[in-house]
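Peer 1: Structure for the following, please:
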Amino acid sequence: MVHAPSRPPVGAPPVRINLYSDTQTRPSRAMKEAMMAAEVGDEQFGDDPTVNALCDRMAALMGKEAAVFLPSGTMCNVIAIRTHCHAGDEVLAHETAHILSSEGGTHAATTGVQIHPLKGARGMFDADTLRAAIRPGGRYSPPQRLLEVEQTANIGGGGIWPQEQLDSVVAVAREQGWATHMDGARLMNAVVGAGIPAAEMVAGFDSVWLDFTKGLGAPLGAVLCGSAEFIGQAWRWKQRLGGSMRQAGICAAACLYALDHNIDRLTEDHANAKALARGLRQISGMKVEEPDTNLVFFDPSGTGLSAADLVGALRLQGIHLSMLGGRIRACTHLDVTAGMIEETLGAIRAAVSKG
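Peer 2: Predicted coordinates:
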């Protein structure tokens, strides 16, 4: 099997409206200018001032002692889990969590942990479900070391964990002596959507990371935060996994720009997602999940058109959507305008009417 990504289909028109993912954003001219103007050094030696500024700012934003800049969110998860756990330990996470569904089996291959999948609506589980998964001690059971949650819950529809629910599952973890880790890929969408400061939302977590490529407009980069001791240990795995960089300030500058300019505007993405969901509901037979943030999941099968056929028809019009678990996912972001939402709805209505 070939694992390289496929090129665009021959003859397919250029993508005009990209609702495939918020990772599809392109850095703005102003962001590129900030990158070009960045003061840089050697990140491996700790003397890149722009990387240091980003890490200090992120640690303060998350209410943690320290932070480390990494190329990707997946690397954040791998390094965090490998720092918290030893091979053979067990991590408890939702059955649709990114660490199970979308990281290529790296935790079996690289971290050596076992992931215990938990059930729950919209990508979230509750304290009772977590408590029921507690194993008896002894040599027959893997040591349970880490609780992991995803905020927002991607396959769960971009849902925001209620703070009370987060606090309740953290309390169970604390009772058991487990560490806690938050996959915060779209954490700022949750912060903006819930109106809760980031440091307050993640206060119960020993480690947390933010991805700057999902809706914040940066071309690459994520920052993992935790205690000074945890980050100090994480650097060992950053080095081992090839995530230790050189003049990384060029990329860190894009992340600093995103913190200054691209967080408050996430409300626009959420409004566009709600407008899309509202318009989709007006199409007879369309099943639509109400979005909390910038992800809209819908199923057109009730209209007589399959999800795959609808995605294919729209791609031929330059409108790009994704599919997850038989559902269509539309993701709004800073490169998607309200006008594009209306154009997409018009194209969907036309495709459905043609059957």
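
Peer 1: Next one: residue 101 relative to residue 93, how far apart?
Peer 2: Relative to residue 93, residue 101 is positioned 10 Å away (CB to CB, to the nearest Å). Glycine gets a C-beta too; all of them are placed from N, C-alpha and C.

Peer 1: Neighbour count for those two, which is higher?
Peer 2: For residue 101 and residue 93, the more surrounded residue by other CB atoms under 10 Å is residue 93, and the numbers stand at 24 against 15.

Peer 1: And what about the more buried one, helix, strand or coil?
Peer 2: Going by DSSP: H, G, I helix; E, B strand; the rest coil, the secondary structure assigned to residue 93 is strand.

Peer 1: Is it bridged to anything, and to what?
Peer 2: residue 117 (DSSP bridges).

Peer 1: contacting residues around it?
Peer 2: 99, 100, 115, 116, 117, 118, 147, 148, 149, 150 (CB atoms under 8 Å, 6 or more residues apart in numbering).

Peer 1: cutoff 6 Å now
Peer 2: The contact partners of residue 93, taken as CB atoms under 6 Å, 6 or more residues apart in numbering, are 99, 115, 148.

Peer 1: and the gap between it and residue 195?
Peer 2: Going from residue 93 to residue 195 by CB to CB gives 26 Å.

Peer 1: For residue 31, give me its contacts.
Peer 2: 254, 257.

Peer 1: now the one 3 residues further on
Peer 2: The neighbourhood of residue 34, defined by CB under 6 Å, 6+ apart, consists of 253, 257.

Peer 1: most neighbours, which of the contacts of residue 93?
Peer 2: That'd be residue 148 among the contacts of residue 93, by other CB under 10 Å, with 27 neighbours.

Peer 1: How many residues are close by residue 81?
Peer 2: Residue 81: 27 neighbours (other CB under 10 Å).

Peer 1: Excluding chain neighbours, give the residue nearest to residue 326 in space.
Peer 2: Computed as CB to CB, 6 or more residues apart in numbering, the closest residue to residue 326 that is not its neighbour in sequence is residue 307, at 6.1 Å.

Peer 1: residues contacting the residue nearest to residue 248 when sequence neighbours are not counted?
Peer 2: Using CB to CB, 6+ apart and skipping residues adjacent in sequence, the residue nearest residue 248 is residue 43, 4.2 Å away. By CB under 6 Å, 6+ apart, the contact list for residue 43 reads 51, 245, 248.

Peer 1: Any of those buried? List them.
Peer 2: Among the contacts of residue 43, the ones that count as buried by 16 or more other CB atoms under 10 Å are 51, 245, 248.

Peer 1: Mark which of those are part of helices, please.
Peer 2: residue 51 (DSSP state H).

Peer 1: now the contacts of residue 93 as CSV including pLDDT and secondary structure?
Peer 2: Putting those into CSV (pLDDT from 0 to 100; DSSP: H, G, I helix; E, B strand; the rest coil) gives the following:
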residue, pLDDT, secondary structure
99, 97, helix
115, 98, strand
148, 98, strand
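
Peer 1: residues near residue 87, how many?
Peer 2: Applying other CB under 10 Å, we find 10 residues neighbouring residue 87.

Peer 1: my read: it touches residue 112, true?
Peer 2: Yes - assessed by CB atoms under 6 Å, residue 87 is found in contact with residue 112 at 2.8 Å.

Peer 1: and residue 139, how far is that from residue 88?
Peer 2: Per CB to CB, residue 139 is found 11 Å from residue 88.

Peer 1: More neighbours: the two, which one.
Peer 2: The neighbour comparison of residue 139 against residue 88 (other CB under 10 Å) goes to residue 88, with 11 against 5.

Peer 1: Contacts only, for that one.
Peer 2: Residue 88 is in contact with residue 142, counting by CB under 6 Å, 6+ apart.

Peer 1: again, 7 Å this time
Peer 2: Shown in contact with residue 88 (CB atoms under 7 Å, 6 or more residues apart in numbering): 112, 142.

Peer 1: Let me see the confidence value for it.
Peer 2: pLDDT for residue 88: 97.

Peer 1: any idea which helix or strand carries it?
Peer 2: Under DSSP states H and E, no helix or strand contains residue 88.

Peer 1: What's the separation between it and residue 114?
Peer 2: The gap separating residue 88 from residue 114 is 7 Å, by CB to CB.

Peer 1: ok, the residue nearest to residue 326 - contacts?
Peer 2: Residue 307 touches 299, 300, 301, 323, 326, 327, 328, counting by CB under 7 Å, 6+ apart.

Peer 1: repeat for residue 146
Peer 2: Counting by CB under 7 Å, 6+ apart, residue 146 touches 81, 84, 85, 91, 178, 179, 181.

Peer 1: what's the most distant pair in these?
Peer 2: Greatest spatial distance among the contacts of residue 146 (CB to CB): 81 and 178, at 12.4 Å.

Peer 1: if we can go back for a sec, okay, the buried ones among the contacts of residue 43 in CSV with distance to residue 107 and pLDDT next?
Peer 2: Output for the buried ones among the contacts of residue 43, formatted as CSV (distance: CB to CB, whole Å; pLDDT from 0 to 100):
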residue, distance to residue 107, pLDDT
51, 27, 98
245, 23, 95
248, 25, 97
